[in-house]
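1. From the sequence below, what's the structure:
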Amino acid sequence: MASLAGGDVMAAESGRGVAVVYPDLGEPFKQIFTAIIEGIEEKLRGSVASVAVSNSAKPAEVAEDLRRRDAKVLIGLGRGGMRIATALAGELAVLVGCVVSVQESEARAFPVYTLAPDPALLLARLKRLMPGVRRVHLVYDPRLNGWLVRLAREAARAEGLELLAQEAGDQAGALRLYAQLLATADPARDALWLPQDPTTVDDNIVLSMVLKDGWNRSIAVFSSHLAHVKRGALFSLYPDNTELGRSLAAAAQRLLGNPRALAAGVAPLRDTRAAINIRTAAHLGLDVAAAQAGFDLVYPNG
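-> Here you go, the predicted model:
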């Protein structure tokens, strides 16, 4: 962490100088943002200025509000917070968190911490569950997840895995690739990873086909989406919202000390919990009792 001057340490520890902007949404999203803000305040040891904004909120009006609160660093949460942060990046030091799909062009001026689980964490979890896996298949839109695939290639090498990543620009292309790879995959050696990618992972047609064919051929399908585990994916990682808040606060502390302390760009989620589907685990021949050790959520749970 970058060193902070004495006055900035006090500001960082009390929460002064840090503001949070987030979308004004109902549950369950409100609860998520509340938990993240609680983590931010715990880390900063004091309350922060938090502003819920509607889709029609004008950045100039939000900026005036933040000026009155003497904000120096802005944490934008979700797409609504990112919209405001983008508009105010020339006036304040900003960072963004809790967004799903981000093009790299959207993160040229400030860091964006996504909800896409770190490939290193996902692939390490896969190897613990299924040591025999050698290849991981991934279908992705390079406009949204080129940055993630670069990280995934490094993570795969570290785990002794081969990453077979294929590009698709639309849902039809993704469906063709999934059909081909599921027809030829080796259940003993191959696994399929579903990323957070609205182009290649439609929650209806694509997901249903992949989970059905994966089940029928006993191919391990794991996902970056928690909801997919309930529907039959083997496992996923999902945000620990309070810890995510603490990490965002630590980044804000660095910006308080030096507005240029953080590099712009897209980063994966590292503050995670884990979920597993034990019905799928049993179907794949895993020791269910051993498989579910270390997971925070277990499906089916009824």
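
2. what's downstream of the lowest-mean-pLDDT helix or strand in the chain, the next helix or strand?
-> Every helix and strand in the chain was compared by mean pLDDT, DSSP states H and E; the lowest is helix 6-14, with a mean of 40. Using DSSP states H and E, the helix or strand that follows helix 6-14 in sequence is strand 18-23.

3. Setting the sequence-adjacent residues aside, check what's closest to residue 91.
-> Spatially, and ignoring its direct neighbours in sequence, residue 91 is nearest to residue 63 (6.4 Å; C-beta to C-beta, 6 or more residues apart in numbering). All C-beta spots, glycine's among them, are computed from the backbone N, C-alpha and C.

4. Equivalent analysis for residue 124, please.
-> Residue nearest to residue 124 in three dimensions, not counting chain neighbours: residue 159, with 6.2 Å by C-beta to C-beta, 6+ apart.

5. same question, residue 211
-> residue 232 is the one closest to residue 211 (C-beta to C-beta, 6+ apart), at 4.5 Å.

6. And residue 36, by the same measure?
-> Leaving aside its sequence neighbours, residue 36 sits nearest to residue 245 (C-beta to C-beta, 6+ apart; 4.1 Å).

7. Assign a three-state SS to the one you found, would you?
-> For residue 245, the assignment made with DSSP: H, G, I helix; E, B strand; the rest coil gives helix.

8. is it true that it touches residue 38?
-> Yes - contact criterion C-beta atoms under 8 Å: residue 245 and residue 38 qualify, at 6.3 Å.

9. more crowded one of those two?
-> Using other C-beta atoms under 10 Å, the more surrounded residue of residue 245 and residue 38 is residue 245, with 30 against 14.

10. Per-residue confidence, the residue most central in space within the chain, what does it come out as?
-> Most central in the chain under C-alpha atoms, centre = their mean is residue 115, positioned 1.6 Å from the mean C-alpha point. With respect to pLDDT, residue 115 scores 96.
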